[in-house]
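Chemist: fold the stuff below for me.
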Amino acid sequence: MPTAIKFENISKQYRLGLVSTNTISHDLKRWWVTNIQRKEDPYLKIGEVNDRAIKGTSDYVWALKDINFEVQQGDVLGIIGKNGAGKSTLLKILSKVTAPSTGTIKARGRIASLLEVGTGFHPEMTGRENIYMNGAIMGMTKAEITRKLDEIIDFSGVERYIDTPAKRYSSGMTVRLGFAIAAHLEPEILVVDEVLAVGDAEFQKKAIGKMQDISKGEGRTVLFVSHNMAAVQALCTKGMILSNGYCVKQGSVDDCINDYLEINKRNSKKIIESIDYINSKIQIESICVNGKTANSVYVSSTKSVLDIEINGYVNSEIEMSFELRITDLHEIPLAIFSPGHFGNGILKYSKGKFRIIHQVVLPKNMNSGTFVVSMYLTYPNVECFMSAIKCLYLDSEGINNLGMTFDYNNEGWLVL
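Modeler: You can find the predicted model right below:
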């Protein structure tokens, strides 16, 4: 198959804070070197790795650094990485939203991009008018767009609002119509950056099916960015991992997903460090599982119990319940341990120190492999006091190794 996209030594540098170099002399020097002498920007040689989590010493960062890869026509490339890894910057450079600081890109054919909610939409124009405008931008004639119009409207599912200004659309409706336009106006290259997460489950499934048709049936190329590993695995034929602006792996999508999940697992430290939300009513001092604060636990047929202890402080009297959710490494939900939904797990805590102790008996037929646990403190369906997403990894040798099913409703399990 011919090469559809080729990145050669692509780098992108940004300055933190002010857009200029902060002094007139430096601005003049940059202008003279780049515009008169036609040489490389001297300030590109100064810069640090783009790690958003730490404070650096330089005002210049490399959002991307020395990216080299090729995508063959008909391939579906899944680009994965943490927030701030450079995924969106890479797609913006390909879509010509921004220019690279160094390097060249070669792309064969028209590119349709869906980089964020509302990309390419004029809020004062109706959905129908935005379809024609986007088609014209891609070089299509009015007659060509008209032939596709009914198909686009039907796929988007927003027919009732098609003659309403786009500013009155919800984010989900905007993404539906935006994806329908991008997918049906026959681009040679389709670029999708995480926006499908805004749509509902039914539309996500529909959109992934359409992208599979585009790549396999029509031989078009797709670049797909998502944090949903199940969607990446289902859709993509190849993968690439970005980390702090560098490409750390290219290869089969399964190998890239497994390596990415292992990298995340190794980089995690303690359970309590995975807390991403705390209600102002409580404070958490420690979270232990089987007497340890580490984020990895080994379970087997002889040790199939999680002894969970959470210690903290309550600012006022509250009622709350413990909840535990299990997914596989691809973030597919498997089960929820939630005794509070059965009415016997909601406890009242007075102001001061509190301790929550739960013994969670894992299913007797749990598979071997690695599973991911998230923990929550909530008043069911009313208020969340704490969420610790992906805070614990279960390495299981298999309790009976008969397949993952959950039938412990009377003990607090919710079957999914």
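
Chemist: quick one: strands adjacent to the biggest strand by length in the chain?
Modeler: Using DSSP state E to define each element, the chain has its longest strand at strand 383-397. Its sheet considered, strand 383-397 pairs with strand 275-278 (antiparallel), strand 296-299 (parallel), strand 368-379 (antiparallel) by DSSP bridges.

Chemist: quick one: closest of the ones you listed to G135.
Modeler: Of all the strands paired with strand 383-397, strand 275-278 sits nearest to G135, with 41.1 Å by C-beta to C-beta. For glycine as for every other residue, the C-beta is placed from the backbone atoms N, C-alpha and C.

Chemist: could you say what helices and strands whichever helix or strand comes after the closest one packs with?
Modeler: Toward the C-terminus, strand 275-278 is succeeded by strand 282-289 as the next helix or strand (DSSP states H and E). In terms of contacts (3 or more C-beta pairs under 8 Å, 6 or more residues apart in numbering; DSSP states H and E), strand 282-289 is packed against strand 305-314, strand 383-397.

Chemist: repeat the analysis, applying 6 Å as the threshold.
Modeler: Applying 3 or more C-beta pairs under 6 Å, 6 or more residues apart in numbering; DSSP states H and E, we find strand 282-289 packed against strand 305-314.

Chemist: residues in a beta bridge with T378, which ones?
Modeler: Going by DSSP bridges, T378 forms beta bridges with S321, C384.

Chemist: which residues sit in contact with it?
Modeler: Neighbouring residues of T378 by C-beta atoms under 6 Å, 6 or more residues apart in numbering: 321, 323, 384.

Chemist: state the distance from it to C288.
Modeler: To C288, T378 is 20 Å away according to C-beta to C-beta, to the nearest Å.

Chemist: tell me the secondary structure at the closest residue in space to A107 that isn't next to it in sequence.
Modeler: Among residues not flanking A107 along the chain, I5 sits closest, at 5.1 Å (C-beta to C-beta, 6 or more residues apart in numbering). Following DSSP: H, G, I helix; E, B strand; the rest coil, I5 is assigned to strand.

Chemist: can you tell me how far I5 is from I310?
Modeler: Distance from I5 to I310, by C-beta to C-beta: 48 Å.

Chemist: kindly report the same for C288.
Modeler: On the measure of C-beta to C-beta, C288 and I310 end up 8 Å apart.

Chemist: and the two? which has more neighbours close in?
Modeler: The residue with more neighbours, out of C288 and I310 and counting by other C-beta atoms under 10 Å, is I310; that gives 23 against 17.

Chemist: so what's the more buried one up against?
Modeler: 287, 356.

Chemist: try it again with 8 Å
Modeler: 284, 286-288, 322, 355-356, 375, 377 (C-beta atoms under 8 Å, 6 or more residues apart in numbering).

Chemist: out of those, who's nearest D193?
Modeler: Using C-beta to C-beta, those come closest to D193 at M375, 30.3 Å.

Chemist: count the residues that sit near the closest one.
Modeler: Counted with other C-beta under 10 Å, M375 comes out at 25.

Chemist: that concludes my questions; thank you for your assistance.
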